[in-house]
Each structure stands twice: as structure tokens, then as C-alpha cells.
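Novice: Generate a structure from the sequence data that follows.
(2 chains)
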Amino acid sequence: GEDVEQSLFLSVREGDSSVINCTYTDSSSTYLYWYKQEPGAGLQLLTYIFSNMDMKQDQRLTVLLNKKDKHLSLRIADTQTGDSAIYFCAEENNAGNMLTFGGGTRLMVKP
Amino acid sequence: DAGITQSPRHKVTETGTPVTLRCHQTENHRYMYWYRQDPGHGLRLIHYSYGVKDTDKGEVSDGYSVSRSKTEDFLLTLESATSSQTSVYFCAIGRAQETQYFGPGTRLLVL
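Specialist: Below you'll find the model as predicted:
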């Protein structure tokens, strides 16, 4: 079955870059996603990448995809205290109608 | 925010009682989903719907049933709640490739 793994915790200083990593198992996934969850809130889509791309940049966010190693990363440049949240990566199934989420990485940004 | 509401937002119930959670959308999306979120597990799909009266099981469907009699409403029922169903439940709308939007969540405590 599908399995998505993330490290549990990341701590960075304000202004530094953050890199959150994710590994997945379904090589047929067409899209991979990054979601952000702030305390007490639902998930908010940050960005996604199509599987035939290896990089996507969106303002402070850079997504890197290594399809051979099934490794996805999210880089946040100039990390701010407002970026403190839990970040989830997710892969979709073959039919494109279901997402499998990783366990989430809690990002703590220290002033 | 996409027009998704969940009710109730918080509920405390006793083991063995039936519980129904409601997800309501105003976006006319065909696809609707119920997830549960537990520490260390991220989000896991319970059931989803791809149209009125069309539903299918997700990864953790045991002990849950769903109904969709109208496009805008997707109900999740715990026929006989157990303590293992204490969780935060999120509804989402939209197909994975078209971006999923999440509701604010329902915190359920089963005593």
C-alpha cells in the first residue's frame, strides 16, 4: 500500500531557510502536495508539484522532487515566526481521487 | 476560505452511543471526504463520496458509515462510538488533482 514518511520535528531560527523532507512509496503518483496546518485549524494547501517536474518555486517556497528516490522536499526561504505550523506532504493514488498523508512535521521558528 | 462548515465543532459522548458529524459545502463540489487526524498518523481517509448516493471506503472505514443524500451534505456516523474513535475529524471537498479544501475540524471525545 501507499506510505508517506516525514520527520516529526524541525526547529530553525527566524531568517534561516527550513527544509522539510518527505518520502513516499507510490511511484505512479501524478501529483504530490504540501499542506500547512496552524494550531486549531484545518489544512491549507501550500503548493503541489506534478510528477514530471523536478522543481517548482512559488515565492518563498521551493519544492524539489526526486522521483527516482521517491523523495520530496519543501524549502521555505527566510523563515518567519508565522511559518510555525505542522507541514504535511501527501501523494495521490492512481485514480487521482484519494490522498495519502504523511504524519506531519512540526516546524518551530525561534526569534 | 472555501465554503465548508462542520458541525458540531466539539462533542463529548459516551462509549456505545451513536454520533453523527455533518459536513456542509456551498461550492457544489462532486467529491467530499472524511478524514481523522491522530498524533503520529497524520490524516487518514475514512470514507469519501464522488456524488449523491455514491460513496466508497477509505483506509480506516471500520466502525464508520456515511451518507450523501444531497450534493452539499456529507454525514459521518459512528454507529456505536468507542474510545479509539476519539480524534479530530476533518471534512474536505474537491478532487485531489483539483485541490482539496478542508473544513475547520470537529473534535470528538469518547469517554
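Novice: if I pick the closest residue in space to residue B:26 that isn't next to it in sequence, what's in contact with it?
Specialist: Nearest non-adjacent residue to residue B:26, counting by C-beta to C-beta, 6 or more residues apart in numbering or on different chains: residue B:3, 3.4 Å away. C-beta: built from backbone N, CA, C; applies to glycine. Applying C-beta atoms under 8 Å, 6 or more residues apart in numbering or on different chains to residue B:3 gives the contacts B:25, B:26, B:27.
Novice: same thing with residue A:33?
Specialist: A:45, A:47, A:48, A:89, A:90, A:91, A:92, A:99, B:96.
Novice: Residue B:109: what's its closest spatial neighbour, skipping adjacent residues?
Specialist: On the basis of C-beta to C-beta, 6+ apart, the spatially nearest residue to residue B:109 that is not a chain neighbour turns out to be residue B:12, at 4.7 Å.
Novice: correction: residue A:42
Specialist: Once flanking residues are discounted, residue A:42 sits nearest to residue B:102: 3.6 Å by C-beta to C-beta, 6+ apart.
Novice: pLDDT at that neighbour, what is it?
Specialist: On pLDDT, residue B:102 comes in at 89.
Novice: Return the residues in contact with it.
Specialist: Contacts of residue B:102 by C-beta under 8 Å, 6+ apart are A:42, A:43, A:44, B:4, B:90, B:91, B:92.
Novice: one step back: among the contacts of residue A:33, the buried ones, what's the PyMOL command?
Specialist: To isolate in PyMOL the members of those that are buried, counting by 16 or more other C-beta atoms under 10 Å in any protein chain shown, one can use:
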select buried, (chain A and resi 47+48+89+90+91+92+99) or (chain B and resi 96)
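Novice: Sort out which of the contacts of residue A:33 are in strands and list them.
Specialist: Per DSSP state E, strands hold the following members of the contacts of residue A:33: A:45, A:47, A:48, A:89, A:90, A:91, A:92, A:99.
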